[in-house]
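A.B. asks: show me how the following folds:
(chains A and B)
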2 protein chains.
Amino acid sequence: MSQYLLIKKVYDTKPVDQTVIVRGWVKSLRQSKKFSFLVLNDGTTQKDLQIIVDLALANYEEVTKLTIGSSVEVEGLVVASQGKQPVEMQARRVHIYCLNGEDYPLQKKETSLEYLREIAHLRSRTTTFSAVFRLRHVLAQATHEYFSNESFTYLHTPIITASDAEGAGEMFRISTLPLDKLPRTDKGAIDFKQDYFGRETFLSVSGQLEAETFAVGGLGRVYTFGPTFRSENSNTARHLSEFWMVEPEAAFNTLEDNALLATGYVKHLIQRAMEQCPDELEFLANRYAPENLKTLEHVLSSPFEVVTYTHAISILEEVSKTHKFDFPVKWGIDLQTEHERFLAEQYFKRPTIVTDYPKDIKAFYMKQNDDGRTVRAMDVLVPGVGELIGGSQREDNYERLVKRMEEMKMDVNNYWWYLDLRKYGSVPHAGFGLGFERAVMYISGMTNIRDVIPFPRTPKNAEF
Amino acid sequence: MSQYLLIKKVYDTKPVDQTVIVRGWVKSLRQSKKFSFLVLNDGTTQKDLQIIVDLALANYEEVTKLTIGSSVEVEGLVVASQGKQPVEMQARRVHIYCLNGEDYPLQKKETSLEYLREIAHLRSRTTTFSAVFRLRHVLAQATHEYFSNESFTYLHTPIITASDAEGAGEMFRISTLPLDKLPRTDKGAIDFKQDYFGRETFLSVSGQLEAETFAVGGLGRVYTFGPTFRSENSNTARHLSEFWMVEPEAAFNTLEDNALLATGYVKHLIQRAMEQCPDELEFLANRYAPENLKTLEHVLSSPFEVVTYTHAISILEEVSKTHKFDFPVKWGIDLQTEHERFLAEQYFKRPTIVTDYPKDIKAFYMKQNDDGRTVRAMDVLVPGVGELIGGSQREDNYERLVKRMEEMKMDVNNYWWYLDLRKYGSVPHAGFGLGFERAVMYISGMTNIRDVIPFPRTPKNAEF
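C.D. replies: The predicted structure is shown next:
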């Protein structure tokens, strides 16, 4: 195979006075009388490589006809440059793989984010989206790094499941039954015993319950990082039907430990983004969110605010006297996005951890406080996004957990394995879930969640 | 919160003569006249911590009644030890979180792997499975490390899809349509326009096609690491209905580059496993696969064999004269597991890369050789497992790809976005898919794929 240098490596190693080969796609071409400037990108870095093509080149005519997005190989001499980048290239040979015609959908003119969603298979070719997805990569790596360093074991919990972790019921059914000839039981019900898994199965909404089985008594500290699904009919800029979630679960952790773990994780994400994607963050801030870099620096250097739900409600009630919310505030309500964003953006002006929510608006597995009306839940709210993280200390007392499930009219028998964790080797433990796309939104400054995942799935949309 | 040390940290830092707190679960308890030995594990390391509990301890009686799997907190003095491990602990205080009763399903007696599958929610508490899953963690981290170092960007391709990447048709349907009241079109067909995504959707069998869209013209080099699904009715020790796959895709790579990338990746996995899980590998080898460590060392130090399919067939034909295969060998057949394993285990005695398969047994997207009958495919076969990796250079010529799709009676219109990659900025490119569980099997020496994934999904089984 022929050796060539990634453009990232050209900038990392700066091989001045050496002849190297690069490959990539044309960003732009400018002609002057005696030479042309060919600007190349290969996706491995935000930085383009400027290549000077001299009139004397054998196929100069051909090169001057290069169009945006065409693919080329260039052999040339790397030289120091006075321009924006420290090095550029003088072409000795240009090979054209593929010349794009006039029908190429990505022309130089500004293309809207909405339009680019329609051609999501090509949008990573734009400066915006290649920046977003390199940033997403760095945040994913930073996730694995953070939890590894904290002695968490990465766990692949099942996607196909027969249990409903949240009890919310908004799940996609999975089946191989023939829809035109559904098998029936004697009583006329659909016979799921004949389905592929011998029972009714769905796409998982959370890996938490399975993660708990590995944390308690087994590996101690585990985290998931995998796709989760919601079939709710939400068409907002903050919801996806398929999204990636990070769910750590740690034996012996209390809610306070959980809040510290979440704070450390979010700060680690921001820190790695700033270290490893400075060009990407700068470009995205300049184009979409001018204040973003300042905000991220501020978050990195400040503690997160911690406030109980009861206190947060009293703040919001006070504020309600002068500020109009669409949803009225009183103790017992679930906080709406407008409330969450008000707290994080207007009131505390930083990420805010709200704890100890009313038990009636939270899931069955959360540890009950002695007041009889709240649970050891926490949500982490961030400016611009609202809820980024939801978590809790888990109820580790067998009797209290069963009683709560019965109160909520759940079928206790379905959870025999989950209850076993409170029978055998039970310990205090806690965990949380972070919506990964919301973290990418928050750190990139992008305002529509469809623009931070390669191919978004939303109601009526599963294209590509 | 109270500070405590993970047992991993006790061994990493060896805080001799210091009083520390540890937490974990009881592996065993041995009593002598004046003291007891309490052996504790917390899941963060293969190594147990031995704790000496003196008769003088306030709740000594209680401690002597501790049962396997019970959870405790111990405060004590770390001292140097002459035993198997370099340090042990002298207990000052023992707090019991939860005392297991006699009904605890994991008693000391040897428990079979089959039995443990029935209680998969507890099996990470055994030495075998905590070893397997820590190893799996290290292999996952090594995957991200390898591709990051090679300038690949991690990509989350969609799980829910309307396209069938392999054209194999063995897919799970996803739907929210009410089965008891399926909507119908005027013509009586099921009206998928009314389904959640407005069309028929399935669980993805591969992220390759979407990964190609990001590699060509966009990010250059990408890889996926996510769950994939097959609804085939295979009940073997090597098949799962839900499994994790790693799929790199690189612009400008030829089949030869692809084979080098695959070789480097597999060796990197083995190297990191040996460096970071020596205790786990030793334990698993001793119990399940005595030759395994020697084999891994051999693989690490040898080049992989590379052989064309045509040559492999001639070898197998020659061998057939004296060795009986269940499936007869002749040019044109798809290699069966028995053939694959014979080549890797008996003939070459090392991982073997078979290239240039007949086009009629491979997918539509593989680059066609000039001989008109083979394609630039490769499979990596390893001893004990058979096919670990399947990949190819991709057809990058628009006309040849369309012609092949038409020959295979595919609906070209469904692939408009995939074909765009050959119209705009097309370049040579290649990629492969590695079945992650098969890699874990191969490196751990475990022989049933159900024992290397937390909660296996197979026909008629979606428990937990």
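A.B. asks: quick check: closest non-adjacent residue to A:Y97.
C.D. replies: Of all residues beyond its chain neighbours, the one nearest A:Y97 is A:S71 (4.0 Å), with distances taken as Cβ to Cβ, 6 or more residues apart in numbering or on different chains. For the C-beta atoms, the positions are set from N, CA and C on the backbone; glycine is no exception.
A.B. asks: so that neighbour versus A:V375, what's the distance?
C.D. replies: Separation of A:S71 from A:V375 (Cβ to Cβ, to the nearest Å): 57 Å.
A.B. asks: which residues touch the nearest residue to A:K349 once chain neighbours are set aside?
C.D. replies: Ranked by Cβ to Cβ, 6+ apart and with sequence neighbours excluded, the top spatial neighbour of A:K349 is A:P383, at 7.4 Å. A:P383 makes contact with A:295, A:341, A:344-345, A:349-351, A:442 under the criterion Cβ atoms under 8 Å, 6 or more residues apart in numbering or on different chains.
A.B. asks: for chain B, give me its nearest residue in the stretch 1-150 of chain A.
C.D. replies: Ranked by Cβ to the nearest Cβ, the top residue of the stretch 1-150 of chain A for proximity to chain B is A:S124, at 3.0 Å.
A.B. asks: that residue: neighbour count?
C.D. replies: A:S124 has 27 neighbouring residues, counting by other Cβ atoms under 10 Å in any protein chain shown.
A.B. asks: surely it is in a helix?
C.D. replies: Yes - counting by DSSP: H, G, I helix; E, B strand; the rest coil, A:S124 is part of a helix.
A.B. asks: leaving out sequence neighbours, find the closest residue to it.
C.D. replies: B:G218 (3.0 Å).
A.B. asks: now for the one you found, how many residues are close by?
C.D. replies: Neighbours of B:G218 (other Cβ under 10 Å): 29.
A.B. asks: ok, A:L209 next?
C.D. replies: 23.
A.B. asks: again, but for the one 5 residues further on
C.D. replies: Under the neighbour criterion other Cβ under 10 Å, A:F214 is assigned a count of 32.
A.B. asks: where does it fall, secondary structure wise?
C.D. replies: For A:F214, the host element (DSSP states H and E) is helix A:208-214.
A.B. asks: hang on, the earlier thing: out of the contacts of A:P383, who's nearest chain B?
C.D. replies: Using Cβ to the nearest Cβ, A:Y442 is the member of the contacts of A:P383 that lies nearest chain B, at 17.1 Å.
A.B. asks: packing partners of whichever strand or helix holds that closest one?
C.D. replies: Applying DSSP H and E as the criterion places A:Y442 in helix A:436-444. Under the contact definition 3 or more Cβ pairs under 8 Å, 6 or more residues apart in numbering or on different chains; DSSP states H and E, helix A:436-444 sits against helix A:127-149, strand A:242-251, helix A:255-276, helix A:278-288, strand A:386-393.
A.B. asks: dump these to CSV, plus mean neighbour count and distance to chain B.
C.D. replies: Below are the helices and strands packed on helix A:436-444 laid out as CSV (neighbours: other Cβ atoms under 10 Å in any protein chain shown; distance: least, Cβ to the nearest Cβ, whole Å):
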stretch, mean neighbour count, distance to chain B
helix A:127-149, 22, 4
strand A:242-251, 25, 5
helix A:255-276, 19, 5
helix A:278-288, 17, 12
strand A:386-393, 23, 12
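A.B. asks: CSV please, covering those and showing mean pLDDT.
C.D. replies: Shown next, in CSV, are those (pLDDT from 0 to 100):
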stretch, mean pLDDT
helix A:127-149, 98
strand A:242-251, 98
helix A:255-276, 98
helix A:278-288, 97
strand A:386-393, 96
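A.B. asks: mind putting those into TSV with distance to B:M89?
C.D. replies: Output for the helices and strands packed on helix A:436-444, formatted as TSV (distance: least, Cβ to Cβ, whole Å):
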stretch	distance to B:M89
helix A:127-149	25
strand A:242-251	19
helix A:255-276	23
helix A:278-288	47
strand A:386-393	28
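A.B. asks: how about those, which one is nearest B:A262?
C.D. replies: Across these, B:A262 has its closest neighbour in helix A:127-149 (21.0 Å, Cβ to Cβ).
A.B. asks: and the angle for that closest one with helix A:278-288?
C.D. replies: 130 degrees (axes from the mean of the first three to the mean of the last three Cα atoms, to 10 degrees).
A.B. asks: okay, helix A:127-149 in CSV with CA atoms only?
C.D. replies: Taking C-alpha atoms only, helix A:127-149 is exported to CSV below (Å, rounded to 0.1, in the frame of the first residue of the first chain):
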residue,chain,number,x,y,z
THR,A,127,-17.5,22.0,9.0
THR,A,128,-20.3,22.2,11.5
PHE,A,129,-21.1,18.6,11.6
SER,A,130,-17.6,17.2,11.4
ALA,A,131,-16.9,19.4,14.5
VAL,A,132,-19.9,18.2,16.3
PHE,A,133,-19.1,14.5,15.7
ARG,A,134,-15.4,14.8,16.6
LEU,A,135,-16.5,16.5,19.8
ARG,A,136,-19.0,13.7,20.4
HIS,A,137,-16.2,11.2,20.0
VAL,A,138,-14.0,13.0,22.6
LEU,A,139,-16.9,13.1,25.0
ALA,A,140,-17.5,9.4,24.6
GLN,A,141,-13.8,8.7,25.2
ALA,A,142,-13.8,11.0,28.2
THR,A,143,-16.8,9.0,29.6
HIS,A,144,-15.0,5.7,29.4
GLU,A,145,-11.9,7.4,30.8
TYR,A,146,-13.7,8.9,33.8
PHE,A,147,-15.5,5.8,34.9
SER,A,148,-12.5,3.6,34.3
ASN,A,149,-10.4,5.9,36.5
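A.B. asks: quick check: phi and psi at whichever residue of the stretch 201-350 of chain A sits closest to chain B.
C.D. replies: Nearest residue of the stretch 201-350 of chain A to chain B, counting by Cβ to the nearest Cβ: A:G218, 3.0 Å away. With angles defined as degrees, to the nearest 10, A:G218 sits at phi -100, psi -100.
A.B. asks: let me know the angle separating the least confident helix or strand in chain A by mean pLDDT from helix A:436-444.
C.D. replies: One helix or strand of chain A scores below all others by mean pLDDT, DSSP states H and E: helix A:292-301, with a mean of 92. For helix A:292-301 against helix A:436-444, the angle by the same axes, to 10 degrees is 110 degrees.
A.B. asks: name the helices or strands packed onto helix A:292-301?
C.D. replies: helix A:255-276, helix A:278-288.
A.B. asks: tell me which residues touch the residue nearest to A:S124, please.
C.D. replies: Neighbour list for B:G218: A:43, A:122-125, A:129-130, A:133 [criterion: Cβ under 8 Å, 6+ apart].
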